[in-house]
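Visitor: Compute the structure for the input listed below.
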Amino acid sequence: MKKVTVYTDGACSGNPGPGGFSAILVYNGVEKPISGGEKETTNNRMELTAVVSALEILKEPCEVEIVSDSKYVVDAINKGWLKSWQKKNWKKADGKPALNVDLWKRLVPQLERHSVSFSWVKGHDGHGYNEKCDSMAVEESRKYGEM
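Guide: Now for the predicted structure:
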């Protein structure tokens with residue numbers, strides 16, 4: 001299996017408001033940046049969209065390390081929240097509906113297709129790829145509204 005590292009970030013002005021996402025896929029020293037955005041979204045949606053979009057463009061099953069500054073995304077996987085939400089018919093522990101179910105449902109088959117691990121990195125702390133992703137995500141969000 002090919003080993004790919006994916007750095008992701010999301011940005012949003014207003015939360016909800018105009019937002020952008022970005023990811024940089026790194027394989028054998030080659031970088032492939034992707035990005036996009038929406039006019040009306042949230043920061044968590046953009047963080048999650050970055051991960052889903054990166055995994056979806058991989059042409060074959062890979063061993064993937066996702067590096068994100070999103071506690072929402074990383075904890076949902078590493079702390080088992082996603083599996084719990086699925087078992088409880090997309091309800092959180094407090095009985096309220098889980099958020100962003102459409103995106104989580106897109107992520108699930110990608111987690112089954114690839115061997116994926118999630119690592120958290122502190123945002124805006126000088127991590128080169130995180131800073132680059134942040135700049136790309138903010139730039140995308142500006143296409144949909146002022147930040």
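Visitor: Please make it C-alpha for all contacts and neighbour counts, starting now.
Guide: Will do.
Visitor: Within the helices and strands, which one has residue 107?
Guide: Using DSSP states H and E, residue 107 sits in helix 101-113.
Visitor: Which of the residues in the helix or strand that that helix is followed by are classified as buried?
Guide: Reading on from helix 101-113 to the C-terminus, the next helix or strand found by DSSP H and E is strand 115-120. If you call a residue buried by 16 or more other Cα atoms under 10 Å, then strand 115-120 has these buried ones: 116, 118, 119.
Visitor: Would you convert the residues you listed into JSON lines that also reports distance to residue 131?
Guide: Formatted as JSON lines, the buried residues of strand 115-120 follow (distance: Cα to Cα, whole Å):
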{"residue": "116", "distance to residue 131": "22"}
{"residue": "118", "distance to residue 131": "18"}
{"residue": "119", "distance to residue 131": "16"}
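Visitor: what is the mean pLDDT for the helix holding residue 107?
Guide: Regarding helix 101-113, the rounded mean pLDDT is 98.
Visitor: Now do it: which elements does it pack against?
Guide: helix 43-57 (3 or more Cα pairs under 8 Å, 6 or more residues apart in numbering; DSSP states H and E).
Visitor: Output the helix it packs on as PDB, nothing but the C-alphas.
Guide: Taking Å, rounded to 0.1, in the frame of the first residue of the first chain, the C-alpha atoms of helix 43-57 are listed here in PDB:
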ATOM      1  CA  ASN A  43     -15.600  25.800  10.300                       C
ATOM      2  CA  ASN A  44     -16.200  22.200  11.300                       C
ATOM      3  CA  ARG A  45     -17.800  21.400   8.000                       C
ATOM      4  CA  MET A  46     -14.800  22.800   6.100                       C
ATOM      5  CA  GLU A  47     -12.400  20.900   8.300                       C
ATOM      6  CA  LEU A  48     -14.300  17.700   7.600                       C
ATOM      7  CA  THR A  49     -14.700  18.500   3.900                       C
ATOM      8  CA  ALA A  50     -10.900  18.800   3.600                       C
ATOM      9  CA  VAL A  51     -10.400  15.300   5.000                       C
ATOM     10  CA  VAL A  52     -13.200  13.700   2.900                       C
ATOM     11  CA  SER A  53     -12.100  15.400  -0.300                       C
ATOM     12  CA  ALA A  54      -8.500  14.300   0.100                       C
ATOM     13  CA  LEU A  55      -9.500  10.700   0.700                       C
ATOM     14  CA  GLU A  56     -12.000  10.600  -2.100                       C
ATOM     15  CA  ILE A  57      -9.400  11.700  -4.800                       C
END
